[in-house]
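**Student:** sequence plus predicted model, see below.
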Amino acid sequence: MRTPIIAGNWKMNMTIAEAEELVKAMLDGLTAVKNVEKVLCPPFVDLDRVASLIQGTDIKLGAQNMYWEEKGAFTGEISPLMLKGLCQYVILGHSERRSYFGETDEWVNRKVKAALAHGLTPIICVGETEAQYDAGETESVVRGQVEGVLRGLTAEQVARVVIAYEPVWAIGTGKAATAEQAQQVIGGVVRATIGRLYGQDVAEQVRIQYGGSTNSKNIREIMSQPDVDGALVGGASLKADEFTAMVRITSEIYS
Ligand code: 13P
């Protein structure tokens, strides 16, 4: 059975002082839950502080982006060597990176390979835009992204990644996908594509999250779907009560 994974993507929010306050408010609620993997993904500048606050707990840490080179003249970028030892996860290919910063599947693929080479677990984001959804292209778009970001990986590497299906139209809009829609794409497209490319065995091991306007009210139904293994949470991860409630509700489903 796959261990569910709830990750909070703080995006470009929280100064170091605010991060400290938020983590302290969540600490007891999160550590009380044992059968769910909990990941906090603060901005780079908060990572070190958050790492010390969660030290000795089972809460994991993730970054929100990374470049693929180890070091050099890449002003403003952060390398896998810098993240290694500091955090365990790294979100790659988030739709905001794709739309505002021009990241392509090819770039995300290079980053995924670099993350794995350095022992970081990538949380790889895929998902269709509203226009693509309206045009009935969800399946072909998501299938293409999954193929593109995993290209050249071994089956053993694919088994280690986490994929987040985040329909762009559901991100920050308050309009989450229905549980059925999430299941349909996660099971019918993402897991099915991995199965076709790497075999059913590998597909059964990969954890696939849903992301987009999740909160403590809709998480139960979404997490109850057979192929949904967790959530990548944006807005609700900035509220201690909401985020801990989401982790607790997920834990109830799996116990
Ligand atoms: P929201 O939960 O705010 O819709 O954001 C989802 C997301 O983009 C997480 O990566």
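**Tutor:** That came in fine, so what should we check first?
**Student:** so Leu83 makes contact with Val90?
**Tutor:** Yes. Between Leu83 and Val90 a contact is recorded at 6.1 Å, counting by CB atoms under 8 Å. Every residue, glycine included, has its C-beta placed from N, CA and C.
**Student:** please say which of these two ends up with more neighbours.
**Tutor:** Val90 (26 against 23; other CB atoms under 10 Å).
**Student:** residues from the stretch 1-150 of the chain in reach of the ligand?
**Tutor:** Selection of the stretch 1-150 of the chain residues close to the ligand by CB under 6 Å from any ligand atom yields 9, 94.
**Student:** how about the helices in the stretch 1-150 of the chain?
**Tutor:** 16-31, 44-54, 80-83, 95-101, 105-117, 130-134, 138-150 (DSSP state H, counting those that start in this stretch).
**Student:** can you list the ones you listed in a markdown table and add distance to Asn9 and mean pLDDT?
**Tutor:** A markdown table is the format used below for those (distance: least, CB to CB, whole Å; pLDDT from 0 to 100):
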| stretch | distance to Asn9 | mean pLDDT |
| --- | --- | --- |
| helix 16-31 | 13 | 98 |
| helix 44-54 | 13 | 98 |
| helix 80-83 | 15 | 98 |
| helix 95-101 | 9 | 98 |
| helix 105-117 | 16 | 98 |
| helix 130-134 | 20 | 98 |
| helix 138-150 | 17 | 98 |
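**Student:** related to what we said a few turns ago, overlap of the contact sets of Leu83 and Val90?
**Tutor:** Each of 63, 66, 120 lies in contact with both Leu83 and Val90 under the rule CB atoms under 8 Å, 6 or more residues apart in numbering.
**Student:** check contacts around the first one.
**Tutor:** The contact partners of Ala63, by CB under 8 Å, 6+ apart, come to 41, 44, 47, 78, 83, 86-87, 89-91.
**Student:** mark which of the residues you listed are buried, thanks.
**Tutor:** By neighbour count, with 16 or more other CB atoms under 10 Å, the contacts of Ala63 hold 41, 47, 78, 83, 87, 89-91 as buried.
**Student:** next, format those as JSON lines and append distance to Tyr254.
**Tutor:** As requested, the buried ones among the contacts of Ala63 are arranged in JSON lines below (distance: CB to CB, whole Å):
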{"residue": "Cys41", "distance to Tyr254": "22"}
{"residue": "Leu47", "distance to Tyr254": "28"}
{"residue": "Ile78", "distance to Tyr254": "33"}
{"residue": "Leu83", "distance to Tyr254": "29"}
{"residue": "Cys87", "distance to Tyr254": "24"}
{"residue": "Tyr89", "distance to Tyr254": "20"}
{"residue": "Val90", "distance to Tyr254": "25"}
{"residue": "Ile91", "distance to Tyr254": "23"}
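**Student:** nearest to Thr154, of the residues you listed?
**Tutor:** Nearest to Thr154 among the buried ones among the contacts of Ala63 is Val90, at 19.0 Å by CB to CB.
**Student:** wait, that closest one sits on Ile124?
**Tutor:** No. Using CB under 8 Å, Val90 makes no contact with Ile124, being 9.6 Å away.
**Student:** so who does Ala114 touch?
**Tutor:** Here Ala114 is in contact with 66-70, 80 (CB under 8 Å, 6+ apart).
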